[in-house]
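**Student:** Provided below for reference: sequence and predicted model.
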Amino acid sequence: MKLAIIGTGYVGLITGACFAEFGYETICIDKDEKRVNELNNSKCPFFEPGIEDLLNKHLNKTKLLSFSSSLSNSISNADIIFITVGTPSKRIEGEADLSYVWNVADEISKNINKYCVIVTKSTVPVGTTREVQNIISKKIHEENFDIVSNPEFLREGSAINDFTRPDRVVIGCENKKSEEIMRELYKPLNLIDTQIVVTSIETSEIIKYASNSFLATKISFINQVANLCEKVGADIQDVAQGMGIDKRIGAKFLDAGPGYGGSCFPKDVKAFINTADKNDIDLSILSAVDKFNDGRVVEITNKIISKSNLKKGDSIALLGLSFKPNTDDIRDSTSLKIAKTLNDMNIKIQSYDPVAMKNAKEENPFLVLCSNAYEACNNAKVIIIGTEWNEFRALDFKKINKKKNKLYIFDLRNIYSPKELKELGFDYFGTGK
Ligand code: UGA
């Protein structure tokens, strides 16, 4: 089976590399020539554990993977073509910007000359896959292609594992022929008994948004309960544990923190609300999730300022700049939102992140970059643990507080024991504790 993947962002590149790992001849296409050249040299444009090894293996050893900037030369032999281009938020209203999807659909319609299955893998609002079908059928007879929705559920930072060991694969299709082709494609996952959910195209599109929105809801919910815990002297981690043991609730995505960020949840929640509005459906539960999350980082920043009495001229240490560990992605990073507000107050931001410093500095030139967590903490009045990177989990706080000055620590991700840090002389603030 030959595959073509259009768009080499997170989803496209991981999809391409992992399908090559499954043994398929895969070509990934991107109109950005510089990116394609780098990829052909096994250089990944972003940090993701394991991806460069996979690229190297399948570009140079198995030769199953290749990259091209020419769509017209690359898709004519493909049995399955995946659309994995970005669907960013439009500036106003949170509506998804589908212009890349429409352009690619049009390009595909001009360049296929044998039967193939065309798959939307990008996160697209319900109705988009059907519209892609309409665009293509203007030039290609409906017998000569089938359209499928096959959303992706991988997370940044654990993308390869998520792709190769998914909880489920969702296939939205409308006939047996395309269903069989998609089942064949995912056959390598039979070995690990992955559930394949076959449904209509519209249902499949909704599953993706409903899943991300539900996870975001869990996070806003636990963050609101965390606020209540702080007020009444309860502990959110124990509450989450006590709730999560109930299989109907589940333990995952109940970690309180500074609110959800990244390139997906904020954008997808807004886009799902937009879809509901357009269809005159009350999804106000999600509007509350979105509104609370937008305010969450402001609330956390104010807490840091007021509890530590931060003032102009003070220095803080900001540990972790990416929106989550194991990625250099800084899109909608809560750490950087906090940094911007504090910088506006003329506070010096001594920051450290294992991989995201370059990206963070480009957009936030005021950051003072440090070579490790200890250097960032030098003479800082406040330490903020913004991202729960493993290397922040076992810091030697005796080394940090050697002067025994009053030092505040805001552990936004609850990775330390309040008791231990208080005993070491820190004014410790967790989240929801
Ligand atoms: C998310 C979904 O988890 C993936 O299933 C989905 O495929 C992806 O979006 C997408 O649509 O492309 P991702 O954005 O990579 O993945 O990261 P997550 O691990 O889901 O974290 C998102 C945000 O939620 C982060 O800011 C994280 O810190 C926050 N979070 C997560 C919490 O605050 N608490 C939690 O318990 C879990």
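**Tutor:** Thanks, I have it. Numbering: from 1, shown residues only.

**Student:** Not counting its neighbours along the chain, what's nearest residue 181?
**Tutor:** Excluding the flanking residues, the one nearest residue 181 by CB to CB, 6 or more residues apart in numbering is residue 117, at 5.2 Å. Quick note: C-beta positions are derived from backbone N, CA and C, even for glycine.

**Student:** ok but the one you found is inside a strand, no?
**Tutor:** Yes - Residue 117: assigned to a strand according to DSSP: H, G, I helix; E, B strand; the rest coil.

**Student:** quick one: residue 323 is in a helix?
**Tutor:** No - checked against three-state DSSP, residue 323 lies outside a helix; its state is coil.

**Student:** ok, the residue nearest to residue 181 - contacts?
**Tutor:** Contact analysis of residue 117 by CB atoms under 8 Å, 6 or more residues apart in numbering lists 79-81, 145-148, 178, 181-182.

**Student:** Swap in 10 Å and give it another go.
**Tutor:** Residue 117 is in contact with 3, 78-82, 145-148, 150, 173, 177-179, 181-182, 185, counting by CB atoms under 10 Å, 6 or more residues apart in numbering.

**Student:** repeat for residue 83
**Tutor:** Per CB under 10 Å, 6+ apart, neighbours of residue 83: 4-7, 11-12, 100-101, 104-105, 108, 118-122, 124, 128-129, 132.

**Student:** returning to what we had before: now a ChimeraX select for only the buried ones of the contacts of residue 117.
**Tutor:** Buried residues within those, by 16 or more other CB atoms under 10 Å, are selected in ChimeraX with:
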select :3,78,79,80,81,82,145,146,147,148,150,173,178,179,181,182,185
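
**Student:** Looking at the contacts of residue 117, which are in strands?
**Tutor:** When DSSP state E defines the strands, the subset of those inside them is 3, 80-82, 145-148.

**Student:** Could you give the bridge partners of the residue nearest to residue 181?
**Tutor:** residue 80, residue 146 (DSSP bridges).

**Student:** That one and the ligand, how far apart?
**Tutor:** Distance of residue 117 to the ligand, given as CB to the nearest ligand atom, to the nearest Å: 21 Å.

**Student:** Flag the shaky bits of the protein, pLDDT-wise.
**Tutor:** Under the criterion pLDDT under 70, the flagged ranges of the chain are 91-92, 401-405.

**Student:** Tell me the buried residues in stretch 412-420?
**Tutor:** In stretch 412-420, counting by 16+ other CB under 10 Å, buried: 412-416, 418.

**Student:** First-to-last residue distance for it?
**Tutor:** End-to-end span of stretch 412-420 (CA to CA, to the nearest Å): 16 Å.

**Student:** thinking again about what came up before, any of the contacts of residue 83 buried? List them.
**Tutor:** Neighbour-count burial (16+ other CB under 10 Å) applied to those gives 4-7, 11-12, 100-101, 104-105, 108, 118-122, 124, 128-129, 132.

**Student:** that older thread, can I get the buried residues of stretch 412-420 in TSV with secondary structure?
**Tutor:** Formatted as TSV, those follow (three-state DSSP):
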residue	secondary structure
412	coil
413	coil
414	coil
415	coil
416	coil
418	helix
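
**Student:** Can you tell me which of those residues is closest to residue 226?
**Tutor:** Distances from residue 226 to the buried residues of stretch 412-420, taken as CB to CB, are shortest for residue 414 (9.1 Å).

**Student:** check contacts around that closest one.
**Tutor:** Contacts of residue 414 (CB under 10 Å, 6+ apart): 226, 235-237, 240, 255-257, 385, 388, 430-433.

**Student:** how about the CA coordinates for stretch 277-291, as PDB?
**Tutor:** C-alpha atoms of stretch 277-291 as PDB (Å, rounded to 0.1, in the frame of the first residue of the first chain):
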ATOM      1  CA  ASP A 277     -23.700  28.100  17.900                       C
ATOM      2  CA  LYS A 278     -24.000  27.900  14.100                       C
ATOM      3  CA  ASN A 279     -26.400  24.900  14.600                       C
ATOM      4  CA  ASP A 280     -28.300  26.700  17.300                       C
ATOM      5  CA  ILE A 281     -27.400  24.200  19.900                       C
ATOM      6  CA  ASP A 282     -26.700  25.000  23.600                       C
ATOM      7  CA  LEU A 283     -23.200  23.900  24.400                       C
ATOM      8  CA  SER A 284     -22.900  26.500  27.200                       C
ATOM      9  CA  ILE A 285     -21.200  23.900  29.400                       C
ATOM     10  CA  LEU A 286     -18.200  24.200  27.100                       C
ATOM     11  CA  SER A 287     -18.400  28.000  27.000                       C
ATOM     12  CA  ALA A 288     -18.000  27.900  30.700                       C
ATOM     13  CA  VAL A 289     -14.900  25.600  30.400                       C
ATOM     14  CA  ASP A 290     -13.400  28.000  27.800                       C
ATOM     15  CA  LYS A 291     -14.100  31.200  29.700                       C
END
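
**Student:** near the ligand at all, it?
**Tutor:** No - for stretch 277-291, no contact with the ligand is found by CB under 6 Å from any ligand atom; the gap never falls below 11.9 Å.

**Student:** about what we covered before: right, and out of the ones in strands among the contacts of residue 117, which lies closest to residue 159?
**Tutor:** Set against residue 159, the nearest of those by CB to CB is residue 82 (15.4 Å).
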